[in-house]
Each structure stands twice: as C-alpha cells, then as structure tokens.
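Trainee: give me a 3D structure for the following:
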Amino acid sequence: MKDLFHRAVKITDKEDNIFFWSDMHLGQECRSWDEPLYVKRGFKSLEEHDSALVKRWNERISYEGVVFNLGDMLFGYDGERRILNYFEMLNFRTMYLLFGNHTAGTKQVFERLEGNVYEVNSEKRVVFCPNYMEAHINGYMCVLSHYAIASFNGQGKGAYMIHGHSHGNLYGSDIGDVLYKARIVDVGVERFPSPPSFGDIRKLFRQDPVSFDHH
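Mentor: Below is the predicted model of the structure:
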C-alpha cells in the first residue's frame, strides 16, 4: 500500500466500525517527570494504565474494526517484541499506524518489512503510514496527521483534520480557540479516554465549516 504516500486511502464501512486514537504512550515510565503521564491520566501504576487502555480499545473496537492510530503508541526498551504483542492483543481488522515522534517498536518492525504492511495473521494487518495521510471515509475527506494542521487540503470544502500529539493542551489556549473553530479534532487519550468512532467525529462537525484558506 505504498500508494497511500501520494493518494488518499478510500474506506467504506459502517460509521461505528471506523475508529481513531492517538498517543497511547504504552510503557512510558516517565522516571524523570515530577508526575508521570499515567498518574496525570488517573492511574496508580504504569501496568494499570497500559491494561486499561488495551481494555478500552477492545471494548470499543471489534475484530472487524478499521483503526487509524495516529502515533506515539509505545515507549521503552524491547519495543519490537512488545509492539508485536500489542498487535496480537488489540482488536482490529486493519490498523493504519502513523509513527508519531516516539517510534519505539514501530520503527523496528517497519524497517524489517519490504513494503509497509505487516500481516499479524490471516485476519488482521497493520499498515505503516507517514505522519501525514489523507483518507476518503464514506465519501468524507479526512486529513490525518500526528500533528495539528491549521491549513489543510480540502478545508474550504468541509474536510476534517484529525490529529494527536498535543494531549489536549491546545484546547483553551489562544491558538486552540482559533484552531478548533474549524473541523479539527485532537483524538488523543486526554481528549477521548476511549477511541472515538467516525460517527462520533461527524457529530462534532455538524456546524458549517470554518476555513482559514480557500483550498
């Protein structure tokens, strides 16, 4: 599927079978932090955090699910072995996996492939993607990136911009007060404790689109 580097992926499925999530940060110990990320997310230990996120994923997503995982999935040593275990544990039929800016496990598995598709088994696969991609989902143009983008393809025509990376920190900020007037949403764990479906995203964008340019 290397063509996704220069053309939009086309997805046609039920709205409640297409999901998005970002910045799981599985395995991030945060030893140098005053307050570890898992504590900020309301957990007493890293193990509790990681188990809860896997449970939330599997409660929302079936074995037939299509998932856009927008990056920063895993941290720590022995990343390749651990991310392969998570590929087995998590429910999905196809996962489109962006790298993010933390690439433990993701980079190692990708570099062993001839292409960009990892077949977990006969029932599921992971498609490795760059940190920017486009998708036509049930006819809706979606720009998917690990990072928030203010001016993006199709914005003036009602396209959606779905991102991660910022852990919800742009909401309520000066730039966020402008940015999120458009059809832009952060689907990281801090904003969505469980993966939102495409139907959930569409409900957020019922208002007329705001565009910062003419594209």
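
Trainee: from the contact counts, what lies against the helix ranked longest in the chain?
Mentor: For the chain, the helix that runs over the most residues, judged by DSSP state H, is helix 46-60. Applying 3 or more C-beta pairs under 8 Å, 6 or more residues apart in numbering; DSSP states H and E, we find helix 46-60 packed against helix 37-40, helix 79-89. Bear in mind the C-beta positions are built from the backbone N, C-alpha and C, glycine included.

Trainee: any stretches of the chain with poor pLDDT?
Mentor: For the chain, residues meeting the criterion pLDDT under 70 lie at 1-2, 31-33, 214-215.

Trainee: among the helices and strands packed on helix 46-60, which is nearest W57?
Mentor: helix 79-89 (8.8 Å; C-beta to C-beta).

Trainee: in the closest one, what's buried?
Mentor: Neighbour-count burial for helix 79-89 flags G79, E80, R82, I83, L84, Y86, F87 (criterion: 16 or more other C-beta atoms under 10 Å).

Trainee: could you give the angle of that helix to helix 46-60?
Mentor: Taking axes from the mean of the first three to the mean of the last three C-alpha atoms, to 10 degrees, one finds that helix 79-89 is oriented at 40 degrees with respect to helix 46-60.

Trainee: adjacent strands (with direction) for the helix or strand that helix 79-89 is followed by?
Mentor: Going down the chain from helix 79-89, the next helix or strand is strand 94-98, by DSSP states H and E. Strand 94-98 pairs in its sheet with strand 66-69 (parallel), strand 124-129 (parallel), by DSSP bridges.

Trainee: give me the number of residues near N138?
Mentor: For N138, the count of nearby residues is 15 (other C-beta atoms under 10 Å).
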